[in-house]
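Enquirer: Pasted the sequence and its predicted model underneath.
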Amino acid sequence: MKITQVKARVFEWKGHTVPAQAHFCSNAMDELWDKSDSMGTFRFHGWTTVEIETDTGLVGLGNVALAPPIAKAIIDQYLAPLVIGQDPFDYEYLWQRMYRATHAWGRKGIGMAAISGVDIAIWDIMGKAVNKPVFKLLGGRTKEKIPCYASKLYRTDLKSMQDEAQSYLDQGFTAMKMRFGYGPKDGPSGMRENLNSVAAVREVIGDDVDLMLECYMGWNLEYAKRMLPKLERFEPRWLEEPVLADDIDGYAELNQLTSIPISGGEHEFTHYGFRQLLEKRAISVIQYDTNRVGGITAARKINALAESFSVPVIPHAGQMHNYHLTMSTLASPMSEFFPVHDVEIGNELFYYLFKGDPEPVNGFIDLDDDVPGLGLSLNHDHFDQFHIIE
Ligand SMILES: O=C(O)[C@H](O)[C@H](O)[C@@H](O)CO
Ligand SMILES: [Mg+2]
């Protein structure tokens, strides 16, 4: 089998969007003096799809969520010529070819995200070619179903957050993640606001439900060191990305500071990046996203590393490219799940663009043993709500 065509398309959302409120979620832009649109740094209102055709008629589908027009340009101009004419089953060779050919500029960030999209499509083709779901190619089921945690709870008024938390309990979730709204610039009163929001959610969910806390790189080391002891009494499952992704020593310091596990890796790339984090004991939970980290070919290497360091892998976002790895990896105890919702930050956009994602039942999702590949297809129902760049 040979790859004949690689088609990258950008889908920019032009439908209804829920406006983000101030202090909706702390993020890396907060430390700058200009806070006019700090949310802009993590709105995902566009996506790149990657369709790879073969001479057998099989088509694989991959995706990239970061910087869509740049991802498309990289795929069109650099990656497509490297994989066209090649056998998709040579996935390791093709990954190395893309990684090495773009190494000067592509080994982290959007270059690696673009490689991820191509790699995911290649795995989809392999699954379809042997008529098996991708998780079967990766080792099969290590769990009957995948437990997942509901991930939203952006900072609003406390009553709304409590109602939202209650709705996840009602749906059967036994774990959920909330976001902090305040960071270093907001002083002691912001600190109090942060603590009050955790107390409010804990009050509703009780002590037997896992609560994850997300900073999205909106704090700094000093602030995180002051907050961690104050958060201990809430017994969070983890504190996520307290500082910038590049501050690996900062992560390592925080991870030794209290009993609260520090999580990260959502903005890290390849097994090389994770080797550093693991060797420094910088994170206690790995959160790569397969569509950034280097695709399934890189993610499975990280899973092997994680297993040897006894660090769990709970990928960022739900989504099929992550679910198949989680299903087939004992080192992955659960998945993140973004509730289906009107488009807000953009985490929900996946459901508007693709069909085939499993729905959680009582806090678990399952994958179908009989659907080959990743089980995703494009959702044409919403195409008119996107501006599509071919
Ligand atoms: O962990 C997450 O779910 C991410 O950090 C979110 O995608 C991001 O939107 C911040 O809440
Ligand atoms: Mg996160």
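Expert: Ah, there it is. Numbers count the residues shown, from 1 in each chain. Ligands and ions are numbered 1, 2, ... in the order given.
Enquirer: Which strand or helix spans Ser263?
Expert: Ser263 is located in strand 262-264, with elements delineated by DSSP states H and E.
Enquirer: Parallel or antiparallel, list what pairs with that strand.
Expert: Counting by DSSP bridges, the strands paired with strand 262-264 are strand 238-240 (parallel), strand 285-286 (parallel).
Enquirer: Okay, buried residues for the next helix or strand after the longest one please.
Expert: Which is strand 238-240. For strand 238-240, the following helix or strand on the C-terminal side (DSSP H and E) is helix 248-257. Of the residues in helix 248-257, Ile248, Gly250, Tyr251, Ala252, Glu253, Leu254, Asn255 count as buried by neighbour count, 16 or more other CB atoms under 10 Å. For glycine as for every other residue, the C-beta is placed from the backbone atoms N, C-alpha and C.
Enquirer: Would you agree the first one is in contact with Leu278?
Expert: In this case it means Ile248. No. At 10.6 Å, Ile248 and Leu278 do not qualify as touching, with contact defined as CB atoms under 8 Å.
Enquirer: got the strands paired with strand 262-264 as TSV, with distance to ligand 1 and mean neighbour count columns?
Expert: Listed next are those as TSV, based on distance: least, CB to the nearest ligand atom, whole Å; neighbours: other CB atoms under 10 Å:
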stretch	distance to ligand 1	mean neighbour count
strand 238-240	6	24
strand 285-286	11	24
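Enquirer: can you redo those strands as CSV with mean pLDDT and distance to ligand 2?
Expert: What follows is the strands paired with strand 262-264, written out as CSV (pLDDT from 0 to 100; distance: least, CB to the ion, whole Å):
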stretch, mean pLDDT, distance to ligand 2
strand 238-240, 98, 5
strand 285-286, 99, 11
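Enquirer: Which one of those strands lies nearest to Pro68?
Expert: Closest to Pro68 of the strands paired with strand 262-264 is strand 238-240 (CB to CB; 24.5 Å).
Enquirer: Give me the distance between the one helix or strand Glu203 maps to and the centre of its chain.
Expert: Per DSSP H and E, Glu203 falls inside helix 187-205. Mean-position distance between helix 187-205 and its chain equals 25 Å (CA atoms, centre = their mean, to the nearest Å).
Enquirer: Just the buried positions in that helix, please.
Expert: Quick answer for helix 187-205 (16+ other CB under 10 Å): Gly190, Met191, Glu193, Asn194, Leu195, Ser197, Val198, Ala200, Val201, Arg202, Val204, Ile205.
Enquirer: do stretch 14-31 as well
Expert: Using 16+ other CB under 10 Å as the test for burial, stretch 14-31 gives Ala20, His23, Phe24, Cys25, Ser26, Asn27, Ala28, Met29, Asp30, Glu31.
Enquirer: And it, end to end?
Expert: 30 Å (CA to CA, to the nearest Å).
Enquirer: go on, stretch 243-252?
Expert: One end of stretch 243-252 sits 11 Å from the other (CA to CA).
Enquirer: do that stretch and ligand 2 meet?
Expert: No. Using CB under 5 Å from the ion, stretch 243-252 stays clear of ligand 2, coming no nearer than 10.5 Å.
Enquirer: out of the buried residues of stretch 14-31, which touch ligand 1?
Expert: Cys25 (CB under 6 Å from any ligand atom).
Enquirer: so which pair among the buried residues of stretch 14-31 is furthest apart in space?
Expert: Within the buried residues of stretch 14-31, two members stand farthest from each other by CB to CB: Ala20 and Glu31, at 18.3 Å.
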